[in-house]
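# Got a predicted structure here, sequence first:
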Amino acid sequence: HGHLRHVPTPALDWYALGVTIYVVVTGGVRPHAGGNAPPKNPAELRRALKQVSQPMAQVIERLTAEAPGDRGDGLELREMLVFSGVEWEKVIPEEWRRSSPLHPSFQ
């Protein structure tokens with residue numbers, strides 16, 4: 001009780017983002033019972049995403065891939081079609097681009 005089932009990793013963070021996007025765009029509707037997470041079966045996921053634009057469906061499919069190594073990273077995500085109009089240099093502060101705020105250097 002109270003123990004994490006999975007060790008927090010960047011891949012787990014990407015999965016959580018994929019679940020969040022899935023819930024936002026689908027209203028959390030699943031083709032079967034069991035919570036708001038996307039279906040693990042790729043065919044069921046595609047059926048659930050029929051009403052979602054293809055570029056957004058690709059983002060969700062990528063971020064919720066079963067194999068953590070298949071989820072990509074922030075740089076790959078930024079290059080996906082759904083984000084093609086985003087001017088990342090205006091969204092991401094310059095100091096974050098130089099060094100990650102998640103990995104501060106301690107002196």
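Noted; the coordinates are in hand. As the structure is a prediction and not an experimental result, all values here were calculated from the model.
# Which pLDDT value belongs to the residue nearest in space to the middle of the chain?
For the chain, the residue nearest the mean C-alpha position is Gly18 (3.0 Å; C-alpha atoms, centre = their mean). If you check Gly18, the pLDDT there is 88.
# Now Val82. Nearest residue, chain neighbours left out?
Closest residue to Val82 apart from its sequence neighbours, by C-beta to C-beta, 6 or more residues apart in numbering: Pro55 at 3.8 Å. C-betas here are computed from N, CA, C, even on glycine.
# buried sites along the longest helix seen in the chain?
Ordering each helix of the chain by length in residues (DSSP state H) puts helix 10-26 first. By 16 or more other C-beta atoms under 10 Å, the buried positions in helix 10-26 come out as 11, 14-15, 17-19, 21-23, 25-26.
# between the residues you listed, which is nearest Ser84?
Nearest to Ser84 among those is Ile21, at 16.4 Å by C-beta to C-beta.
# Pretty sure the closest one sits against Leu63.
Yes - because the distance of 7.0 Å satisfies C-beta atoms under 8 Å, Ile21 is recorded as touching Leu63.
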